[in-house]
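A.B. asks: Here is the input, now give the coordinates:
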Amino acid sequence: MRLYSLSVLYKGDPKVHLLKAAYDVSTFNFFQRSSVQEFMTFTSQLIAERSALGSRASVKEQEYLCHVYVRSDGLAGVVIADNEYPQRVCFTLLDKVLDEFSRQVSKMDWPSGSPATISYSALDGYLSKYQVQTP
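C.D. replies: This is a model prediction of the structure:
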């Protein structure tokens, strides 16, 4: 059971853009890591774009399960995990991250923000904390 990606996005007009993301691509071959990370970024944006405001969904994409939560204020979170990772835990994580993000990052920064301009460093910590260690 693994988490591969945790992203915070903003669903504005006309499209979705990434505000902050964390990735764990350590299980992939070194030469595949950048393309896997690009795939996860693209998939996260696409799923958030196709989700309605105020909705939650789980979407299967290749061998991954992508969990998306788009709040009514346009802030969205996407977790990409393997098929065995519990769905309920993913949505609990998304609730926690989006609440914390909205308290720490001004709403005025969401429409124009990017991973380089948004200062929110907790995603990597959450990604490693929520990894399920297999014995």
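A.B. asks: how about the strands in this structure?
C.D. replies: 3-11, 16-23, 55-61, 64-70, 75-82 (DSSP state E).
A.B. asks: could these go into JSON lines alongside mean neighbour count, distance to Asp109 and mean pLDDT?
C.D. replies: Where C-beta positions appear, they are placed from N, C-alpha and C, glycine not excepted. JSON lines is the format used below for the strands of the chain (neighbours: other C-beta atoms under 10 Å; distance: least, C-beta to C-beta, whole Å; pLDDT from 0 to 100):
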{"stretch": "strand 3-11", "mean neighbour count": "25", "distance to Asp109": "9", "mean pLDDT": "97"}
{"stretch": "strand 16-23", "mean neighbour count": "20", "distance to Asp109": "8", "mean pLDDT": "96"}
{"stretch": "strand 55-61", "mean neighbour count": "14", "distance to Asp109": "24", "mean pLDDT": "94"}
{"stretch": "strand 64-70", "mean neighbour count": "23", "distance to Asp109": "18", "mean pLDDT": "96"}
{"stretch": "strand 75-82", "mean neighbour count": "25", "distance to Asp109": "11", "mean pLDDT": "97"}
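A.B. asks: Rebuild those strands as TSV, extending it with distance to Pro115.
C.D. replies: Listed next are those as TSV, based on distance: least, C-beta to C-beta, whole Å:
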stretch	distance to Pro115
strand 3-11	9
strand 16-23	6
strand 55-61	21
strand 64-70	18
strand 75-82	14
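A.B. asks: For Ala122, find the nearest of those.
C.D. replies: Counting by C-beta to C-beta, Ala122 lies closest to strand 16-23 out of the strands of the chain; the figure is 8.8 Å.
A.B. asks: Convert the C-alpha atoms of that closest one to CSV, please.
C.D. replies: Extracted C-alpha coordinates of strand 16-23, given in CSV (Å, rounded to 0.1, in the frame of the first residue of the first chain):
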residue,chain,number,x,y,z
VAL,A,16,-7.1,24.2,-12.9
HIS,A,17,-3.5,25.0,-11.8
LEU,A,18,-1.2,23.4,-9.4
LEU,A,19,-0.4,25.3,-6.2
LYS,A,20,1.8,22.7,-4.3
ALA,A,21,2.6,19.0,-4.6
ALA,A,22,4.7,16.3,-3.1
TYR,A,23,5.7,13.0,-4.8
